[in-house]
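Trainee: Below is the sequence, then the predicted model.
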Amino acid sequence: MKALVFPGQGSQFPGMGKDMYDASENARKMFNRADEILGFGLSDIMFNGTDEDLKQTKVTQPAVFLHSVVSFYEKFANENFGMVAGHSLGEFSALVAAGVLSFEDALVLVSKRAMAMQKACEMQKSTMAAVIRLDRAIVERICAETDGIVVPANYNSPEQIVISGSEEAIDAACIKMKEAGAKRALKLQVGGAFHSPLMEPACEELAKAIVSINFNDAKVPIYQNVDAMPHTSANEIRENLVKQLTSAVRWSDSVVKMHEDGADEFVEVGPGQVLTGLVAKILK
């Protein structure tokens, strides 16, 4: 069974989407429609902007989402696939593929989510760090024992867990991770503590935005980040989207569960090949 997986923030690159825009009338319509909905020239930044331009909060998340969804409609909408999943932001792309959200409604939510997360980041100095080759239980124990806010945020693969929290707590936890035997504990260049309790203000804003958006039951199961389980109920999916902002992305567990449920082919839809590499490490 084929599973489609959709990448999240960090997979953007200058020139992204220009090939699809040039080759397809339908793609051009989607890029132009996105510019109208957002009220600025996202497509121009994607095609002609620099790395720094693409790192702007209001640009990054909509850009990755738009590239992923256009890729889906161009290449996979008419193919058979049995399940979907997305890494963090990528969950919104997956919901479009599963028929839960329309392209337009999902883009509106992605934009509001990005701005809400940015506001939350500005409230307190916070960051994230990648912990390489340290047992999950040890990472969780060190986070729990460290003063301040620090939690596991992304279970990316058996070899990589990202932690998230206040700068002071992350610094302290990184020292303990290395002492406990981690190959590396490296702070990341990110805007704040995503998927941690510090995103609670963004949860409230996203929940308000979601109320006015129509959600359909999924045509195929979507394996959501918060619990790594398949969901088709519109109400469950809606609730999990809000929880996702303060919960860990259980990507490694999701891939294992999808494989157990019959996925024998994983296809990454969107910019980059980050998830393809993670799937290979998770399933060996």
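Mentor: Cool, the structure landed. Residues are numbered from 1 along each chain as shown.

Trainee: For the protein, which residue occupies the most central location?
Mentor: Residue closest to the average C-alpha location in the chain (C-alpha atoms, centre = their mean): S88, at 2.1 Å.

Trainee: for that residue, what are its contacts?
Mentor: For S88, the contact set (C-beta atoms under 8 Å, 6 or more residues apart in numbering) comprises 8-9, 154, 194-195, 225, 244, 249. Just so you know, the C-beta spots here come from the backbone N, C-alpha and C atoms, and that holds for glycine as well.

Trainee: try it again with 7 Å
Mentor: 8-9, 225, 249 (C-beta atoms under 7 Å, 6 or more residues apart in numbering).

Trainee: That one and A248: what is the separation?
Mentor: 10 Å (C-beta to C-beta, to the nearest Å).

Trainee: ok, now A27?
Mentor: Taking C-beta to C-beta, one finds A27 at 34 Å from A248.

Trainee: Neighbour count: those two, which is higher?
Mentor: A248 (22 against 19; other C-beta atoms under 10 Å).

Trainee: Now that that one has come up, it's in contact with V162, right?
Mentor: No: applying C-beta atoms under 7 Å, one finds A248 not in contact with V162, separated by 8.9 Å.

Trainee: Please identify the buried residues of stretch 149-159?
Mentor: Residues 149-157 are the ones in stretch 149-159 that count as buried (16 or more other C-beta atoms under 10 Å).

Trainee: Strands - which of those residues land there?
Mentor: Among the buried residues of stretch 149-159, DSSP state E puts 150-157 in strands.

Trainee: and the residues you listed as TSV, adding pLDDT and distance to P62?
Mentor: Below are those laid out as TSV (pLDDT from 0 to 100; distance: C-beta to C-beta, whole Å):
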residue	pLDDT	distance to P62
V150	98	29
V151	98	27
P152	98	27
A153	98	22
N154	98	21
Y155	98	26
N156	98	23
S157	97	27
